[in-house]
Each structure stands twice: as structure tokens, then as C-alpha cells.
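Asks: pasting the structure only:
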């Protein structure tokens, strides 16, 4: 399995540094989105990757999303198409003064490249494009059609990825494999396991935002009623906090633990080898080990925004909160809202679904697409254990599950806990060596596809 192609050293880092400087920030508030930055980003891609733009067909989807098609040259090029995904929009950077390096500087200190989007997700886009450019320069052509789908509104759960999937479906394209961002080569992924884990998302939890609304007459704060709008809302939130959703250990998580088992400390090794006997206590243990492991076992609810009175001495006529809910695999949006009503136990608390999507179908962790992906990961990251897992967050790839049964979520980057914690936070950065290995991964994968 060939894994590398000769290419100029540092070209990927230079390209990413330039692309990070474009403030392609996503927001649900239209005035906060500078479409000129998105257009400049698209223009820079064409300049940075001339071979890609000379050979691949490019069309825009939903305005500023990009869909490339690399025509296959084999005897039946349309028989086994695949889609590689990334997105180039980013979340806001927050206070620039809190960053060690300016968030849109693309600063290269010789070890790291700094800036918003280096890990999420411009780095992955650059790795795809750099691999394709290098392979084209070497005279490579894929046997089967290959698509690159680059989203422009993933961070706001926008419609561009759905539009791209619908476009392909309308043309009869049924991808053999879809690969998007998601898991990574994670150091310290599981307590006691010293080897890094290449965690590949085979499914993702559903995403649901529910508004909790209470109403009251309002008035002057000097004569407060019992259980006014804010107090009623506070009681509802407290009940949600006190009654978490029930736990379970999905089959995918069981498989992940089975793969970790031989590399875990002796006590855990024995437990993981007999999960059929210890599934219930392991489930309970996960719920108590911390936020990440707890989220693996249940639907989670986080109250993210609160709104009440506009004045210090004014009773709120309405009070509202947003519950951001991650729906566990096997559950539904409808069932989750109904359970929330039962937990709150107050018909005067109105629930409104702002937006929601059910969990994605579970892609197989065996069979030809998985085996190919696992082989490519092992070839570039031989130190890592490859395992399936269920993603806590959402990606554009969930829009493709209707046209592909093998949808995977994996970023070919080594990330320790600090790196993972910098995504959507301050001081996001990518190690230069990590970026180069990401390019090597995509070169390997494209050759195998």
C-alpha cells in the first residue's frame, strides 16, 4: 500500500495559513456573515490548487458550498463512487486577546499553525486538496468517480450538505463510502489505555433544541407572586437536572470496549473480555466517570440560554430557556420531547421544538468499506488502535445517510486532550507534522478508492 507522493515540503502548511486568514464565520444572524470572505476563500482555493481545478469538475451548491467531481478512468467509473467531506466555515473566535496568537493570523511558529479552523475543519479540507493536487501532479487518476463535498454552513447545521446529497441522489449517485470529519487519532482516549485510539464515528447522536417558555402577568417586582414565570422556569430546569435520561450501552460502544480491552489495565481487561456479564455495571460506571463517558450512555440535556425580565425591578411576563439535547442512538426526537414533558411535570411550561434531527443510522464496522478505511488508517497511523464509536456532536455527513450505507466520521489528525479541547475554544492550532500525516492519509485513501 503506497502512502506518500513527493510534494513540496511545507506547501500544505502555507496553504492552510492563508486559508485560515479568511474569516468564514458561520452565524444564524445574517448580518454577522461576511459573504465576501467566503468568496475570497473559494478564489484562493482555485489559485492554490490549479491541478485540481483543471481536472476536477466544480459546481456550487446552495450558494457557496463546493462539490467537486474527479472522474474515474476505470472500466466502470460510476460503479463505486465515494465522497470525501469537509467544511470551511468556522465558529466565531471570541475575544482575540484571549488567544496566544491572533485567531485569524495563520501564524506558523515552526511547530504549530495557529488559528480558528486549523482543526475544525479547514485543516481537513487542505489535507484532501493537497493530496489530490499531489496525486494529479504525479499523473494519478482514480478508477472510480470521487467527489469532494465542502460545506459552507456546517457550524449552523445549515442546508448545504443536504442540498449536495439531494443533488447526487437526483443523478443516481449512490456512494460506496462517505468520509467526513469526526473522530481522530486521540491520545488519552480511554482511562488506562496508553496507545492512541483512531476513533471512527459510525453514527452520531441526534441534535434537538427545545425552547422552554413560561408566562405570567408581569408587573412590579415589589409585589412578586408565588411561582412566577422565572420561578416556574427555574423549577423545570432543576427537575431536568435531577432526572437525567436513562442509561444504556450501545452495541457500538461495546465493540469499542472490546477493542480497547487487550490494552487496558488488568482489572478492566477482565471486565471488557466479559461484557456480556458486566454490561450493566459498566454502564453505571460510565455514567459516573465524567461528562464524556456519561454522554456515551444516554440522551443528554444542557440548558444553554436563559431569558427573563429586561429590568432589575420588573417581573418577567415571559421567561424562556433553550435546552440543547443530544439524542442517543435508538431514541427519537418525538420520544425525547415526550419524556421531557414527563420530567418537567408542569403543563404551564410550554415546550417548542426549535429544530431537531433523529440520530443517524449506524454504519457497519465490518465489510469492504470499513476494511478499506481501517487499512488506510493503520497504514498511516500504525501506533493507533482503530475502533468504531458514536459521535456526540453532529456533522454534515448525516445528510448523506439516505444515499449511502457506509458513512464514517474521522479526521486523520493526532489530537491529545488539549488539542481536542481547543476546538470551538481559544488557541486552536494544528501541529505541522499532524497536518502532513493527514495529507499522507488522504493520498493513501484516494489511491485505494
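Replies: Received it, and whenever you're ready, just let me know what you need. The structure displayed is predicted, hence computed values, not measured ones.

Asks: switch to C-alpha atoms for all contacts and neighbour counts from now on
Replies: Will do.

Asks: Is the closest residue to residue 447 other than its chain neighbours in a helix, a strand, or coil?
Replies: Excluding its sequence neighbours, the residue lying closest to residue 447 (C-alpha to C-alpha, 6 or more residues apart in numbering) is residue 142, at 6.8 Å. Three-state assignment for residue 142 (DSSP: H, G, I helix; E, B strand; the rest coil): coil.

Asks: now residue 430
Replies: Of the three states, residue 430 takes strand according to three-state DSSP.

Asks: how many neighbours does it have?
Replies: 24 (other C-alpha atoms under 10 Å).

Asks: That one bridge partners, please.
Replies: Beta-bridge pairing for residue 430 (DSSP bridges): residue 113.

Asks: just to revisit the earlier point, next, the contact list for the residue nearest to residue 447, please.
Replies: Applying C-alpha atoms under 8 Å, 6 or more residues apart in numbering to residue 142 gives the contacts 70-74, 446-447, 449.

Asks: Over to residue 55?
Replies: Counting by C-alpha under 8 Å, 6+ apart, residue 55 touches residue 70.

Asks: Distance of it relative to residue 73?
Replies: 12 Å (C-alpha to C-alpha, to the nearest Å).

Asks: for residue 82, same thing?
Replies: Distance from residue 82 to residue 73, by C-alpha to C-alpha: 14 Å.

Asks: So for those two, which residue has more residues nearby?
Replies: More crowded of residue 82 and residue 73, by other C-alpha under 10 Å: residue 82, with 25 against 13.

Asks: May I have the beta-bridge partners of the more buried one?
Replies: Bridge pairing for residue 82 - DSSP bridges - gives residue 146, residue 177.

Asks: Distance check, it against residue 411.
Replies: Applying C-alpha to C-alpha to residue 82 and residue 411 gives a distance of 16 Å.

Asks: got it, and residue 315?
Replies: In terms of C-alpha to C-alpha, residue 315 sits 49 Å off from residue 411.

Asks: Show me which of those two is the more surrounded one.
Replies: Between residue 315 and residue 411, counting by other C-alpha under 10 Å, residue 411 is the more crowded of the two (27 against 24).

Asks: Tell me who's in contact with that one.
Replies: Going by C-alpha under 8 Å, 6+ apart, the list of residues near residue 411 reads 124, 180-185, 438.

Asks: one more time with 6 Å
Replies: Residues near residue 411 by C-alpha atoms under 6 Å, 6 or more residues apart in numbering: 181-184.

Asks: Out of those residues, which comes closest to residue 110?
Replies: Residue 110 lies nearest to residue 184 out of those, by C-alpha to C-alpha, at 22.6 Å.

Asks: Now the closest one. Its backbone dihedrals?
Replies: According to degrees, to the nearest 10, the main-chain angles of residue 184 amount to phi -150, psi -180.

Asks: Now for residue 39: which residues touch it?
Replies: By C-alpha under 6 Å, 6+ apart, residue 39 has no neighbours at all.

Asks: what does residue 426 give?
Replies: Contact analysis of residue 426 by C-alpha under 6 Å, 6+ apart lists residue 99.

Asks: my hunch is that it is in a strand, does that hold up?
Replies: No - counting by three-state DSSP, residue 426 is located in no strand; its state is coil.

Asks: Can you give me the distance of it to residue 91?
Replies: Distance from residue 426 to residue 91, counting by C-alpha to C-alpha: 11 Å.
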